[in-house]
Each structure stands twice: as C-alpha cells, then as structure tokens.
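Asks: Fold the following and give me the result.
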Amino acid sequence: MIGLLTGNVIVVQITKGDVLMAVRHSEERIATCNGIKIAYDTFGEMTSQPVLLIMGLGTQMILWDEEFCSLLAARGFWVIRFDNRDIGLSSKLDGLGLPNVFELLQGKAVQRPYTLRDMADDALSLLDALDIPSAHILGISMGGMIAQLMAIHYPQRVRTLGSFMSSTSDPALPPPKPEAIQVLFKPIPVKKEPFIDHFMETWRVLNGDQMPMDEERVRRFAEQTFARGIHPPGNVRQLAAILTAPSRRQELASVAVPTLVIHGDADPLVPVACGIDTAESVPGAHLHIIPGMGHMLHPLAWKEIVDAVEDLAAQCKGSGSSG
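Replies: Numbers count the residues shown, from 1 in each chain. From the prediction side, this is the model:
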C-alpha cells in the first residue's frame, strides 16, 4: 500500500559535463512495509536502474543530499531514499520499549527491540511495495550494515552492493575516536535552536578536520531534520540494533554480487580499518578509499563516488529497467 504524504513533483537541474539535465524528484510518499509505515521519495525515471539508498544511525533520508541523488539519477538510475524505522516520517516503535544502551556498552545482556535484520526486511519490503524485483543497494554506516544483510540473505534481490563508511561488526575492529563516541552519546535536545547547535556540533566532529564542512548545507539539513520531526528514543533503539549485531565477516564470504566499499581515511566514527575489513570479507570487492574524508558523504567526493557506483553497476548482468 502506497499513499501520498506531502509536496509536489519538482525538477532538479544539475550539470553533467557541459549539459544541464532535468531530474524528476517525486513528492514524499508513505508505503506499508513489513507491518510498518516507511516514508520515501524518488529521483529520476521508473524505467531506469533502481538504486535503494539506506541511511545511517538516527539520520533521516534527506542526508542523502538532493544534489547527490540527482547526480546518480542523471547517470541512468531511479534513485529511492527512505527513512528507516524509528526516524523521520516513518513509524515510531515506542511500543517496543527503550533498551539500556549503557548496559549494552558494558557487555551485559539486554533485550533489543529489533535487529538490523528486521531493518533489512523493511528495505526489502519497500522494494516489494514499489514492484522492484532487484536493485542496486547502497548504504552508509548502519545503512551499509543493512545493505550487507540484504546481500547475504536476499542475494536475488541485490544487483550490486555498496557499503559506505561501514563495518562487518567484528568485535576485533578498532573503536571510534573518543570525540566521536562523546558526541554520539550526547542527549539530543528537543527544542529547535539547541537541536540545531547539537546537529552542527555532531557533524563537525564526524566530518573530521581534513575536508571543509559546508556549514550552510549542514545547517539546512538540521532545520529540515527538525521540521520533519525528531525522535530521540528511535536513535536509542537503532543504536541497540547496531551494538547487538554479531560479526558478518563469515557470512559476507558468500556474497557474490559486485561489491563496492567506500571509506574515508579520516573517519573518526568508523575507522578506515573497518572498511578494509569489509572489502577483504567479500570476494572480489573493490575498495575505494577517499583521502581526507570523514564520516560524511562529502560534496567534494560526490563525483568520485557517483563514478564508482556507475562503474559498479556496469558489472551487473541484470542492469536493465526496474521491471
């Protein structure tokens, strides 16, 4: 079941080479997926190759920047981005309770409200709702973990796998830098101006200090995120799903789809060693390390990333239309 949420169809213009291209951006819609409501929108034409974009912990789909999505669409993709459960305009699962994350960090057994596999099933159900037999799956951070699970458990639905700034969840991997842990566990303010300050501080840390952060762009993300609705308990439940996830290293050895691993070598939250481990775990995976990039899909790297995704899709035998 799919229903209209808000907005009108708009056209985004971008430059591809020396040519201006019009890219269609849909209104936001709601689909019933895996028993919950999932908010999503699309860029490009339904007849193009479908690409499903999965965002990370506590982060709304809008951080897949419209311009980045348009760059992908201009390369011949139908781009779908969505709010994970418990975030943005998708269903909030407060009825599942609130886990004690600090006990989780101490290694204590804590019941998790849901798993990353449940979130992978949400993404798969969205493909079903859109009548997409298979798609290119790209995920950032937690989204990369979810994308990996889709490739492991539903290989027939995954044309290619893109794991960006992510990890195999192997416990032997190096931890985040202290400043990244500190900002990650700061309480999220619920009033607008404190929230915007918190958002800006978080992304200054995650961006790192080697690539300049576009303060205006990030502030716009903060304002849009607040306007669409913040839900701190959802962040806690998503974090519990990450912290309780077992290593996927052995299971990733079964992945046979073309795989791209992208990581910045200045990532303070998910160290680059995690990306290297992911690439080494998937047979034939291509590792693309971006110098100076932190834990952010940085505009300076967009063209490089889109080029790599286009090259990845060219390796896929089933790279026709979404039908």
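Asks: neighbours around Met145, how many?
Replies: The local packing of Met145 (other CB atoms under 10 Å) involves 27 other residues. C-beta here means a position set from N, CA and C on the backbone, and glycine is covered the same way.
Asks: name the element it belongs to?
Replies: helix 142-153 (DSSP states H and E).
Asks: Check which strands are paired with the next helix or strand along the chain from that helix and give the direction for each one.
Replies: For helix 142-153, the succeeding helix or strand toward the C-terminus, using DSSP H and E, is strand 158-164. With DSSP bridges as the test, strand 158-164 is paired with strand 135-140 (parallel), strand 259-264 (parallel).
Asks: so can I have a markdown table of these showing distance to Asp277?
Replies: What follows is the strands paired with strand 158-164, written out as a markdown table (distance: least, CB to CB, whole Å):
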| stretch | distance to Asp277 |
| --- | --- |
| strand 135-140 | 16 |
| strand 259-264 | 9 |
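Asks: and those as TSV, adding mean neighbour count, distance to Ile146 and mean pLDDT?
Replies: Shown next, in TSV, are the strands paired with strand 158-164 (neighbours: other CB atoms under 10 Å; distance: least, CB to CB, whole Å; pLDDT from 0 to 100):
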stretch	mean neighbour count	distance to Ile146	mean pLDDT
strand 135-140	28	5	98
strand 259-264	26	15	98
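Asks: To Cys316, which of those lies closest?
Replies: For Cys316, the closest of these is strand 135-140, at 7.3 Å, according to CB to CB.
Asks: got the angle between that closest one and helix 142-153?
Replies: For strand 135-140 against helix 142-153, the angle between stretch directions is 140 degrees (axes from the mean of the first three to the mean of the last three CA atoms, to 10 degrees).
Asks: elements contacting the helix or strand hosting Glu310?
Replies: Assigned by DSSP H and E, Glu310 belongs to helix 302-314. Judged by 3 or more CB pairs under 8 Å, 6 or more residues apart in numbering; DSSP states H and E, the packing partners of helix 302-314 are helix 66-74, strand 135-140, strand 158-164, strand 259-264, strand 286-290.
Asks: buried set for that helix?
Replies: Using 16 or more other CB atoms under 10 Å as the test for burial, helix 302-314 gives 305-306, 308-309, 312-313.
Asks: of all the helices and strands packed on helix 302-314, which lies closest to Ile188?
Replies: Of the helices and strands packed on helix 302-314, nearest to Ile188 by CB to CB is strand 135-140, at 19.2 Å.
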